[in-house]
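Colleague: generate coordinates for the sequence data below:
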Amino acid sequence: MNTPSVDLPAKLIETLISMGNERDAQAKAKYLQAVPGGYGEGDQFVGVRVPAIRSLAREAMKQTTLDDAAVLLDHEIHEVRLLGTILLVELFKPARADKDAVIQLLLAKADRLNNWDLVDTVVPYTLGPWLLVQPTDKATAILNDLADSPVLWRRRMAMVSTLGQIRLGHHDQAPRLAAKLQTDPHHLMHKAVGWMLRGVGNKNRVLLDAFLNEHAATLPRTALRYALEKHDTEARARYLAMAQER
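Modeller: Next up is the predicted model:
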């Protein structure tokens with residue numbers, strides 16, 4: 001990685017904090033369940049909205065290095081980490097830094113992606129496409145390692161990484177991981193599984209229906225409903241009936 005830009009992370013953090021709004025901070029903490037007993041418990045917010053964070057990223061990206069992004073990802077404030085994920089996506093683009101180095105940093109900082117918005121902002125646009133150009137056994141091993149993690153956010157990384165692959169016309173990993181993760185206990189994983197299956201169906205309905213014929217009876221109801229959003233009424237009723245029979 002390149003050395004950090006002189007004071008750039010500090011300047012970005014100072015600017016972002018100055019943009020905060022206490023009412024928005026409270027609303028975002030509630031939305032992302034950073035409350036006692038919530039899946040984001042303990043996280044800190046200053047109340048900066050996503051469009052403003054993306055605007056700040058656009059201003060900074062020409063100067064940003066991977067080391068700058070690493071500093072941002074290590075910060076305790078949620079919106080600062082979100083800024084880091086947005087900049088990682090920019091650094092992954094062809095004219096930017098080495099893709100292998102971006103993914104190395106992403107995986108090293110996986111524990112800093114501790115909510116669904118952080119995961120979903122960066123993983124489909126970096127890890128997913130990168131895995132497509134890796135040897136199959138290496139890509140599968142990385143995905144299985146994430147999917148087998150006791151940490152919810154790593155499991156979500158595995159599942160939503162396939163969105164980037166689906167958009168590029170590659171559908172193999174999404175159904176495989178959906179089958180592997182269909183017994184996950186967390187509702188955020190049920191939504192992720194259904195979301196990716198729906199994406200597969202948007203590109204290859206035959207493949208999705210083949211998966212549902214085998215797994216509809218065992219998919220969590222939320223996952224199944226997400227997967228069926230583009231099906232007609234008759235098909236939805238048939239697959240939902242399979243689930244009710246279990």
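Colleague: mean confidence score for stretch 38-50?
Modeller: For stretch 38-50, the mean per-residue pLDDT is 97.
Colleague: tell me the spacing between residue 49 and residue 120.
Modeller: Distance, residue 49 to residue 120, using CB to CB, to the nearest Å: 16 Å. For the C-beta atoms, the positions are set from N, CA and C on the backbone; glycine is no exception.
Colleague: actually residue 7, not the one I wrote
Modeller: Residue 7 is 30 Å from residue 120, where distance means CB to CB.
Colleague: again with residue 59
Modeller: In terms of CB to CB, residue 59 sits 23 Å off from residue 120.
Colleague: more neighbours, these two?
Modeller: Set residue 59 next to residue 120 and count neighbours by other CB atoms under 10 Å: residue 120 wins out with 18 against 11.
Colleague: output stretch 221-233 as PDB, restricted to C-alpha atoms.
Modeller: The C-alpha trace of stretch 221-233 is given here as PDB (Å, rounded to 0.1, in the frame of the first residue of the first chain):
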ATOM      1  CA  ARG A 221     -40.100 -17.700   4.800                       C
ATOM      2  CA  THR A 222     -38.500 -14.200   4.400                       C
ATOM      3  CA  ALA A 223     -35.900 -15.600   2.000                       C
ATOM      4  CA  LEU A 224     -38.500 -17.400   0.000                       C
ATOM      5  CA  ARG A 225     -40.800 -14.300  -0.300                       C
ATOM      6  CA  TYR A 226     -37.800 -12.200  -1.400                       C
ATOM      7  CA  ALA A 227     -36.900 -14.800  -4.000                       C
ATOM      8  CA  LEU A 228     -40.400 -14.900  -5.300                       C
ATOM      9  CA  GLU A 229     -41.000 -11.200  -5.800                       C
ATOM     10  CA  LYS A 230     -40.800 -11.400  -9.600                       C
ATOM     11  CA  HIS A 231     -42.900 -14.600  -9.900                       C
ATOM     12  CA  ASP A 232     -46.600 -14.600 -10.900                       C
ATOM     13  CA  THR A 233     -49.300 -15.200  -8.400                       C
END
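Colleague: show me which residues of that stretch are buried.
Modeller: For stretch 221-233, a neighbour-count test (16 or more other CB atoms under 10 Å) marks 223, 224, 225, 226, 227, 228, 231 as buried.
Colleague: just give me the closest of those residues to residue 86.
Modeller: For the buried residues of stretch 221-233, the closest approach to residue 86 (CB to CB) belongs to residue 226, at 25.5 Å.
Colleague: which residues sit against the host helix or strand of the closest one?
Modeller: Assigned by DSSP states H and E, residue 226 belongs to helix 221-227. Contacts to helix 221-227, defined as CB atoms under 8 Å, 6 or more residues apart in numbering, come from residues 178, 182, 187, 190-191, 193-195, 197-198, 201, 208, 212, 216, 219, 239-240, 243.
Colleague: change it to 10 Å
Modeller: Residues from elsewhere that reach helix 221-227, judged by CB atoms under 10 Å, 6 or more residues apart in numbering: 178, 181-182, 184, 187-201, 208, 211-212, 215-220, 236, 239-240, 242-244.
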